[in-house]
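*Asks:* Predicted model and sequence follow; I will ask about them next.
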Amino acid sequence: MPEEKTQKITIPFIQAKKENREKIVAITAYDFPVAKIVDESGIDLILVGDSLGMVVLGYENTIPVTMEDMIHHTKPVVRASKRALVVGDMPYFSFHLSNEESVFNASLFLKEAGASAVKIEGASKKRLKLIVTMIEAEIPIMGHVGLTPQSIHHLGQFKVKGREINEAEKIIQDAQNLEKAGVFSVVLECIPMEVARIITEKLKIPTIGIGAGPYCDGQILVFHDLVGFSNGYLPKFVKKYGDIHELISQAVIGYIDDVKKGKFPDSSHSYHLKSEKVKELIKKERGSLGRKKRKS
Ligand code: KIV
């Protein structure tokens, strides 16, 4: 087993955490500097989520995110992650056509971007078959049930799933079906904590909750939400641990102010001459400039 904070985390290590009743802590990241910070802070799992579309690329939902976007952003996260397990998120329509194309797309996360697994939303019969095929192709899969943001147009809005009996039963069944299909863990998004608790107790694989209460085996949050980088609406389930938006805004306002007032750059942020000959030359040039100005 990897020593805390040193060795690379593996899927068996993540799964053993459930057996040992240790919480799994996951977070999203989409670039090198953030991945480096969260990795060095001791995060177990980094998801390069398709939430990229909303928090980094400025889309209204995750639908426009492409495979190219996902691979492009997964690569630097993998480069920065010395310890955390990196999971790439399959974007909308990267797994909806043929099985061959879907497996090929999933393989790119491992082969091209260097991730260790992929996450895929949903648990329909067709999706379960696809997941089995992917696992046969040696691609470890993380499932995702409850609120699945790629179904936004069916749902109409992002809202809690599983409050009614039929929906709760379906989500529990979906999670069990995913376990049977062979996923190594499952994300439970935006479901009542009581439903998440039942799923967590029924499954041998770890559940990773987001808006699914305290009984899950692990938690995941979107990085930008928890550090206060997103400047808009935050769902009830987010706890804001910092205010990066305010910090950045104050820094940039300070910079604008200093430049306008001529306070930046000052001598301490400037380079200085060392050669006496060049100093002489500059003195001469400035002298002749001064004389010309006085004549005109
Ligand atoms: O895309 C994402 O960030 C996710 C998490 C919210 C689980 O799917």
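*Replies:* The structure has been received and is ready for your questions. Numbering: from 1, shown residues only.

*Asks:* How about the residue of the chain found nearest the ligand, nearest residue that isn't a chain neighbour?
*Replies:* The chain approaches the ligand most closely through G49 (2.2 Å), counting by Cβ to the nearest ligand atom. (Each C-beta comes from the backbone N, C-alpha and C, glycine too.) Nearest in space to G49, with sequence neighbours left out and distances taken as Cβ to Cβ, 6 or more residues apart in numbering, is T28 at 4.3 Å.

*Asks:* Then P206?
*Replies:* D217 (3.8 Å).

*Asks:* For the stretch 151-296 of the chain, give me the ranges with low pLDDT.
*Replies:* Along the stretch 151-296 of the chain, segments meeting pLDDT under 70 span 296.

*Asks:* which bits of it sit near the ligand?
*Replies:* Applying Cβ under 6 Å from any ligand atom, we find that the stretch 151-296 of the chain lies next to the ligand at V187, E189, I210, I220, V222.

*Asks:* In the protein, mark out all the strands, start to finish.
*Replies:* In the chain, strands defined by DSSP state E lie at 24-28, 45-48, 85-89, 117-119, 141-146, 185-189, 207-210, 218-221, listed in chain order.

*Asks:* Nearest to K170 among those would be which one?
*Replies:* Of all the strands of the chain, strand 141-146 sits nearest to K170, with 8.8 Å by Cβ to Cβ.

*Asks:* what lines up beside that closest one in the sheet?
*Replies:* Strand 141-146 has the following sheet partners, assigned by DSSP bridges: strand 117-119 (parallel), strand 185-189 (parallel).

*Asks:* looking at the ones you listed, which is buried most?
*Replies:* strand 185-189 (a mean of 28; mean count of other Cβ atoms under 10 Å).

*Asks:* to the chain's geometric centre, what's the distance from that one?
*Replies:* Offset of strand 185-189 from its chain centre (Cα atoms, centre = their mean, to the nearest Å): 15 Å.

*Asks:* And for that strand, what's in contact with it?
*Replies:* By Cβ atoms under 8 Å, 6 or more residues apart in numbering, the list of residues contacting strand 185-189 from outside reads 14-15, 24, 119, 142-149, 161, 171, 175, 178-179, 196, 199, 203, 205-212, 216-218, 220.
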